[in-house]
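> Provide a 3D model corresponding to the input given below.
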Amino acid sequence: MNAKTKKTLNILANVATWVVAGFAIIMVLLTMLSYIGTIGDGDTESKGIFGVKPYVVLSGSMDRVFPAGSVIFVKEIEDFDSLKVGDIITFKESTDSNKDTIVTHQIVRFVESWDGEKNEYYRSGLVTKGTENEEEDKEIYSHKYEDVIIGEYVGHVAGVGYVIHFLQSKMGFFLLIAIPLVIIILLEMKNIVIVINEMRSDKKKAIAEKEQAISAELDEAKRVKAELEALKAQLAQAQGVQPTEQPTEEIPTEQPPTQTVEEQTE
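Below is the predicted model:
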């Protein structure tokens with residue numbers, strides 16, 4: 001395996017690595033985003049991790065505590081009787097469309113009712129209100145606490161919510177995840193094209209060198225042939241200059257006398 005082939009294989013391996021890494025990053029981001037709910041737009045509930053649920057806040061009703069665009073963290077409440085005025089809670093508020101809207105507001109007061117059997121007052125509900133709102137929210141009754149109240153606010157990170165909310169949208173996914181991944185793949189494909197062109201160029205160069213070598217061999221063969229023909233001509237010329245006299249037998253011109261038939265009979 002030559003160096004160019006190894007380089008091509010390395011680039012292909014890098015492309016595959018980038019694709020797998022990009023896919024893994026997308027899966028991680030999607031998993032993380034699926035655990036983050038939204039408050040104020042979409043009203044999706046968070047799945048939560050280790051009892052803490054993150055939410056993106058798009059509403060400005062609690063700007064004195066956390067501004068719009070923040071990611072807030074809500075912790076599950078173990079003892080609802082420990083809640084007090086001033087605590088900030090996240091809860092489901094029923095709407096006329098029978099769809100629960102997720103809200104994070106501050107407890108401003110409790111509603112107490114008289115228990116005749118126990119001869120004492122008890123909390124029959126609580127009232128919440130956004131710090132920027134003029135009117136209170138509707139009451140949440142105690143017997144629905146566990147079904148309605150999601151948890152208590154414990155902290156936030158400002159500004160990150162807008163980014164996460166954008167990422168959760170189709171446009172955000174396309175612009176911030178899909179496009180960079182495509183760019184990475186295109187850059188690696190460009191490297192592959194460069195390597196292929198280099199291999200083609202080297203191949204053409206090798207062919208040209210081979211043709212040049214063959215041409216040189218043919219020229220050499222022609223030169224050798226010409227030299228042989230010249231030597232042959234010189235040899236032929238040399239053979240033509242040497243004497244070619246050879247001894248010859250003389251043919252007698254006189255014939256012995258012939259006897260006639262008559263002389264022979266006498």
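> what packs against the helix or strand where Gln237 lies?
For Gln237, the enclosing helix or strand under DSSP states H and E is helix 179-241. With contacts defined as 3 or more CB pairs under 8 Å, 6 or more residues apart in numbering; DSSP states H and E, helix 179-241 has these neighbours: helix 3-34. For the C-beta atoms, the positions are set from N, CA and C on the backbone; glycine is no exception.
> what about Val74, distance to Gly116?
36 Å (CB to CB, to the nearest Å).
> the more surrounded of those two?
Remark: of Val74 and Gly116, Val74 carries more neighbours, 28 against 7, as counted by other CB atoms under 10 Å.
> which residues touch the more buried one?
By CB atoms under 8 Å, 6 or more residues apart in numbering, the contact set of Val74 is Ser46, Val52, Lys53, Pro54, Tyr55, Thr90, Thr104, Ile150, Gly151, Glu152, Tyr153, Val154.
> go with 6 Å
Neighbour list for Val74: Lys53, Thr90, Ile150, Gly151, Tyr153 [criterion: CB atoms under 6 Å, 6 or more residues apart in numbering].
> lowest pLDDT pick from those?
Minimum pLDDT across those is recorded for Lys53, with 85.
> just the element for it, please.
strand 52-57.
> and that strand, what does it pack against?
Under the contact definition 3 or more CB pairs under 6 Å, 6 or more residues apart in numbering; DSSP states H and E, strand 52-57 sits against strand 37-39, strand 70-75, helix 160-168.
> kindly export stretch 120-127 (C-alpha atoms) in CSV.
Coordinates of the C-alpha atoms in stretch 120-127 are reproduced here as CSV (Å, rounded to 0.1, in the frame of the first residue of the first chain):
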residue,chain,number,x,y,z
GLU,A,120,-58.2,24.9,64.2
TYR,A,121,-57.3,26.6,61.0
TYR,A,122,-55.5,24.8,58.2
ARG,A,123,-54.0,25.7,54.9
SER,A,124,-56.7,25.1,52.3
GLY,A,125,-54.7,26.7,49.5
LEU,A,126,-52.1,29.2,48.6
VAL,A,127,-52.0,32.2,46.3
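> any buried residues in that stretch, and which?
By neighbour count on 16 or more other CB atoms under 10 Å, the buried set for stretch 120-127 is Gly125, Leu126, Val127.
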